[in-house]
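# Take a look and give me a structure for this.
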Amino acid sequence: MRLPKFGFNSIKSRITAEITLSELSKVDDDFIDLASLHEANIINGNKKRAKIILSGSIERAITVRGVNVTKGAKAAIEAAGGSVEE
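Numbering: from 1, shown residues only. Okay, here's the model as predicted:
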């Protein structure tokens with residue numbers, strides 16, 4: 001008798017958080033990094049990576065450093081007057 005197959009579970013997904021642009025509005029700082037996301041309780045303590053995705057909108061200028069950003073989210077951040085630093 002064969003056992004049922006279960007899906008692939010990536011180890012990276014356990015330590016990576018996805019953050020939307022609308023969640024970035026909850027952060028009071030204009031400088032966004034992993035530490036400021038932890039302080040604002042956007043991501044919990046066991047997440048070591050984060051990726052900002054294009055969902056929602058952002059109205060203020062922010063600077064993002066040390067966090068992965070999708071192409072669409074980068075365009076939205078730069079359109080609001082912000083910048084993305086690698």
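# C-alpha only now, for contacts and for neighbours.
Will do.
# Which residues are in contact with Ser83?
Residues in contact with Ser83, defined by C-alpha atoms under 8 Å, 6 or more residues apart in numbering, are 61-64, 74, 77.
# cutoff 7 Å now
With contact taken as C-alpha atoms under 7 Å, 6 or more residues apart in numbering, Ser83 is in contact with 62-64, 77.
# Likewise for Gly66?
Neighbour list for Gly66: 33-34, 86 [criterion: C-alpha under 7 Å, 6+ apart].
# Identify, from those residues, the entry nearest to Lys47.
Set against Lys47, the nearest of the contacts of Gly66 by C-alpha to C-alpha is Leu34 (9.2 Å).
# burial of the closest one, as a residue count?
In terms of burial, Leu34 registers 17 neighbours under the definition other C-alpha atoms under 10 Å.
# Then Asn68?
20.
# Can you lay out the contacts of Gly66 as a markdown table showing pLDDT, distance to Asn9 and secondary structure?
Supplementary listing: those in a markdown table, determined by pLDDT from 0 to 100; distance: C-alpha to C-alpha, whole Å; DSSP: H, G, I helix; E, B strand; the rest coil:
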| residue | pLDDT | distance to Asn9 | secondary structure |
| --- | --- | --- | --- |
| Asp33 | 92 | 27 | coil |
| Leu34 | 92 | 24 | helix |
| Glu86 | 79 | 28 | coil |
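# which stretches of the chain form strands?
With DSSP state E, the ranges of strands along the chain come out as 16-20, 31-32, 49-53, 63-65, 68-69, 83-85.
# Can you point out the buried residues in stretch 57-77?
57-58, 62-64, 67-69, 73-77 (16 or more other C-alpha atoms under 10 Å).
# same question, stretch 21-36
Using 16+ other C-alpha under 10 Å as the test for burial, stretch 21-36 gives 21, 23-25, 27, 32-34, 36.
# wait, which of these is closest to Ile43?
Relative to Ile43, the closest of those is Leu34; by C-alpha to C-alpha it sits at 8.7 Å.
# now the closest one: how far from Lys12?
In this structure, Leu34 and Lys12 are separated by 16 Å, where distance is defined by C-alpha to C-alpha, to the nearest Å.
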